[in-house]
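Visitor: Sequence first, then the predicted structure:
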Amino acid sequence: MLLLKTAYHPNCWVTVDGEPAESLMLMPGYLGVQLAPGHHEVMVEYKSRTLRKVLMVLGVLSLLTIAVWEWRRDAVSAWLGQRVPAGVCSNPWRGRSSRTERRRRSRRNR
């Protein structure tokens with residue numbers, strides 16, 4: 001058994017002498033590989049899943065969208081004003097007072 005002082009992750013792919021081998025979690029979090037006696041060439045490679053790449057691209061696109069939105073705020077507001085019916089983007093809390101404000105008013109009136 002070979003114990004590698006690296007963090008275990010299910011996406012780690014291990015090859016021993018060019019052949020795929022099973023990776024095991026040894027102790028809390030260390031990577032292990034079952035080996036026969038003798039000299040071996042062991043290669044460990046982390047391969048991320050495609051979902052991670054998709055999420056990374058979506059995150060970058062979201063940041064770019066926010067940057068363009070902030071940079072072109074007036075143009076975007078004008079564009080939305082033409083397409084969104086009146087009252088849809090209004091603040092639903094306008095005209096309502098918070099609990100703290102109501103307490104302050106009641107204390108003043110005492």
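Guide: Ah, there it is. Residues are numbered from 1 along each chain as shown.

Visitor: does Leu4 count as helix, strand or coil?
Guide: For Leu4, the assignment made with DSSP: H, G, I helix; E, B strand; the rest coil gives strand.

Visitor: For it, list the residues it contacts.
Guide: Tyr30, Leu31, Gly32, Val33, Val44 (CB atoms under 8 Å, 6 or more residues apart in numbering). (Each C-beta comes from the backbone N, C-alpha and C, glycine too.)

Visitor: right, and the helix or strand after the host helix or strand of the third one?
Guide: Think Gly32. Counting by DSSP states H and E, the element that carries Gly32 is strand 30-33. Following strand 30-33 in sequence order, the next helix or strand is strand 42-46 (DSSP H and E).

Visitor: Would you give the sheet partners of that next one, along with the direction of each?
Guide: When pairing is defined by DSSP bridges, strand 42-46 lines up against strand 12-16 (antiparallel).

Visitor: Pull out the buried residues from the partner strand.
Guide: Neighbour-count burial for strand 12-16 flags Cys12, Val14, Val16 (criterion: 16 or more other CB atoms under 10 Å).

Visitor: Show me which of those residues is closest to Met25.
Guide: Nearest to Met25 among those is Cys12, at 9.9 Å by CB to CB.

Visitor: Helix, strand, or coil at the residue most central in space within the chain?
Guide: Residue closest to the mean C-alpha point of the chain, counted by CA atoms, centre = their mean, is Leu55 at 7.2 Å. Following three-state DSSP, we place Leu55 in the helix state.
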